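Undergrad: this is the structure alone, sequence omitted:
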């Protein structure tokens, strides 16, 4: 991408964040524009170059921002939107007949829905309960079927990641304007709504974490001039700082691990002078990241250090490392042991916890244990298909250097944020692409 075009894209998304903060009604216009322009773009191009993936990536990157600012058409707008675009893509471009593992994956989830129709209480809204819990896995299945061994150039994959990253720039700008002076609001080391745009810190940090990875990959692989390198560096550290001060650890740790995996594969595949240049870039990045951490520590009065050391504001180590989620995990393991074959049914776990706590709604953050409980052994088989398939495909697809990054993002995200957003489903599906290096 030309330097001028890149700068314009970045600045336009900074402007979007500024406009939505100052004129909140603009968020609805932004949300509808993504949908309308996306449909027009795909139909106009007949999906000749997998345009649905670029539109879907942009939709995924904007999901949390739209929820945060009230711009989403429906709460699950992004998941349904991604599935709609990918079905449109299948209409124009078909899908691989070898995507059988993911047809099986979807079929394995179906008995859990049938069981739910029998086990859920009559007072539950069956349609809403099922849709909330099954939309994420369904989105993953549809995205995986579309992307299974689909041929794509490495440059196209990087552009796709950029499409996902641009709305994260808008999110970051919005957070800069929204967040009060930190020293006036920070009193504990718990996740903070006020530093997360008034929205769920877990979801915000998840998107900022992958944004950090996206712009790190551009810093290393797509910075063709000193100016572009500086711009990407500034973007990374703004995203990183905003992610850190949400005080939600899962998304940031996941993003950092993705970066470390990418560094490993770059080192493995780089020789001679290229490795020397890579070393210089990494040293600059590490120095910058260290400075970001020191700045964050200073701005939070040392609370960020205590947060990542699992301490409270007084420095006392917390009893639970996972903010009480162990109890949910225990209840889901117990549910699996009670119904090990077909599970207790989709959304039944939430209902059981509500009954035990006298009406308190406690949703699961762990998609793995939730799948075990609600889908039983069939759910375990479904998860194994998802985990193992990209690894087998990688044996004949070594040029997808992001594959393990995408797989780790899915695996870690569903363990701390379930599949509340479309990102883990869509990003996972990118690990299935057949990537070719540009000539």
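TA: Noted; the coordinates are in hand. All of these numbers come straight from a predicted model, not from anything done at the bench.
Undergrad: could you use CA atoms for every contact and neighbour count after this?
TA: OK.
Undergrad: so for stretch 212-227, mean pLDDT?
TA: Mean pLDDT, stretch 212-227: 92.
Undergrad: so residue 317 sits against residue 310, correct?
TA: Yes: proximity of residue 317 to residue 310 meets the contact threshold set by C-alpha atoms under 8 Å, at 5.9 Å.
Undergrad: which elements pack onto the lowest-mean-pLDDT helix or strand in the chain?
TA: For the chain, counting by mean pLDDT, DSSP states H and E, helix 348-356 ranks last in confidence among helices and strands (a mean of 77). On a contact count with 3 or more C-alpha pairs under 8 Å, 6 or more residues apart in numbering; DSSP states H and E, helix 348-356 meets helix 325-338, helix 367-394.
Undergrad: got the buried residues for that helix?
TA: Under the neighbour-count criterion of 16 or more other C-alpha atoms under 10 Å, helix 348-356 has 348, 349, 350, 351, 352, 353 buried.
Undergrad: so which two of those residues are the farthest from each other?
TA: Greatest spatial distance among the buried residues of helix 348-356 (C-alpha to C-alpha): 348 and 353, at 8.8 Å.
Undergrad: can you give me the helices in the stretch 101-250 of the chain?
TA: All helices of the stretch 101-250 of the chain, identified by DSSP state H, counting those that start in this stretch, fall at 126-147, 154-178, 182-185, 201-221, 226-244, 249-269.
Undergrad: which of those sits most buried?
TA: Most buried of the helices of the stretch 101-250 of the chain, by mean neighbour count (mean count of other C-alpha atoms under 10 Å): helix 201-221, with a mean of 26.
Undergrad: on that earlier part again, neighbour count: residue 317 and residue 310, which is higher?
TA: residue 310 (20 against 14; other C-alpha atoms under 10 Å).
Undergrad: any idea how far the more buried one lies from residue 59?
TA: The gap separating residue 310 from residue 59 is 34 Å, by C-alpha to C-alpha, to the nearest Å.
Undergrad: which residues outside the least confident helix or strand of the chain are in contact with it?
TA: Among residues not part of helix 348-356, those counted as contacts by C-alpha atoms under 8 Å, 6 or more residues apart in numbering are 116, 119-120, 331-332, 335, 360-364, 370, 373-374.
Undergrad: could I get those residues as JSON lines with distance to residue 235 and neighbour count?
TA: JSON lines is the format used below for the contacts of helix 348-356 (distance: C-alpha to C-alpha, whole Å; neighbours: other C-alpha atoms under 10 Å):
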{"residue": "116", "distance to residue 235": "45", "neighbour count": "21"}
{"residue": "119", "distance to residue 235": "49", "neighbour count": "15"}
{"residue": "120", "distance to residue 235": "46", "neighbour count": "21"}
{"residue": "331", "distance to residue 235": "41", "neighbour count": "17"}
{"residue": "332", "distance to residue 235": "40", "neighbour count": "26"}
{"residue": "335", "distance to residue 235": "44", "neighbour count": "22"}
{"residue": "360", "distance to residue 235": "40", "neighbour count": "12"}
{"residue": "361", "distance to residue 235": "37", "neighbour count": "13"}
{"residue": "362", "distance to residue 235": "35", "neighbour count": "15"}
{"residue": "363", "distance to residue 235": "33", "neighbour count": "16"}
{"residue": "364", "distance to residue 235": "33", "neighbour count": "23"}
{"residue": "370", "distance to residue 235": "36", "neighbour count": "30"}
{"residue": "373", "distance to residue 235": "41", "neighbour count": "33"}
{"residue": "374", "distance to residue 235": "41", "neighbour count": "31"}
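Undergrad: farthest-separated two in the residues you listed?
TA: Largest separation among those by C-alpha to C-alpha: 116 and 360, giving 20.4 Å.
Undergrad: look up phi and psi at residue 436.
TA: Residue 436 adopts backbone torsions of phi -120, psi 140, taken as degrees, to the nearest 10.
Undergrad: cool, and residue 247?
TA: phi 60, psi 20.
Undergrad: who's in contact with it?
TA: Contacts for residue 247 (C-alpha under 8 Å, 6+ apart) come out as 189, 190, 191, 192, 201, 304, 307.
Undergrad: report the buried members of those residues.
TA: Among these, those classed as buried by 16+ other C-alpha under 10 Å are 189, 190, 191, 192, 201, 304, 307.
Undergrad: who's in contact with the second one?
TA: With contact set as C-alpha under 8 Å, 6+ apart, residue 190 has these partners: 247, 248, 307, 312.
Undergrad: let's see 10 Å
TA: Counting by C-alpha atoms under 10 Å, 6 or more residues apart in numbering, residue 190 touches 201, 246-249, 303-304, 307, 310-313, 323.
Undergrad: again with the fourth one
TA: If a contact means C-alpha under 10 Å, 6+ apart, then residue 192 has 185, 186, 198, 199, 200, 201, 202, 245, 246, 247, 248 as its contacts.
Undergrad: mind redoing it with 8 Å?
TA: Residue 192 makes contact with 201, 245, 246, 247, 248, according to C-alpha under 8 Å, 6+ apart.
Undergrad: list the contacts of the second one.
TA: Right, residue 245. Residue 245 is in contact with 192, 195, 296, 300, 304, counting by C-alpha under 8 Å, 6+ apart.
Undergrad: which SS state does the third one fall under?
TA: It refers to residue 296. Three-state assignment for residue 296 (DSSP: H, G, I helix; E, B strand; the rest coil): helix.
Undergrad: could you list every residue that touches residue 82?
TA: Counted by C-alpha under 8 Å, 6+ apart, residue 82 has contacts 56, 59, 60, 139, 143, 422.
Undergrad: apply 7 Å and report the result again.
TA: Listed by C-alpha atoms under 7 Å, 6 or more residues apart in numbering, the contact set of residue 82 reads residue 56.
Undergrad: now for residue 68, how many residues are close by?
TA: Residue 68 sits with 20 neighbouring residues when counted by other C-alpha under 10 Å.
Undergrad: checking it next. Helix, strand or coil?
TA: helix.
Undergrad: can you give me the distance of it to residue 15?
TA: 17 Å.
Undergrad: cool, residue 93 as well?
TA: 35 Å.
Undergrad: are we agreed that residue 435 is in a strand?
TA: Yes: per three-state DSSP, residue 435 lies within a strand segment.
Undergrad: neighbouring contacts of stretch 129-137?
TA: Contact partners of stretch 129-137, identified using C-alpha under 7 Å, 6+ apart, comprise 79, 346, 347, 419, 420, 422, 425.
Undergrad: what about that stretch, distance to the chain center?
TA: Counting by C-alpha atoms, centre = their mean, to the nearest Å, stretch 129-137 is centred 17 Å from the centre of its parent chain.
Undergrad: avg pLDDT for that stretch?
TA: Averaged over stretch 129-137, pLDDT sits at 83.
Undergrad: same question for stretch 368-376.
TA: On average, stretch 368-376 scores 91.
Undergrad: show me where pLDDT drops low in the chain?
TA: 122-127, 319-324, 357-361, 439 (pLDDT under 70).
Undergrad: try it again at 80.
TA: 1, 119-132, 271-274, 318-327, 350, 352-365, 439 (pLDDT under 80).
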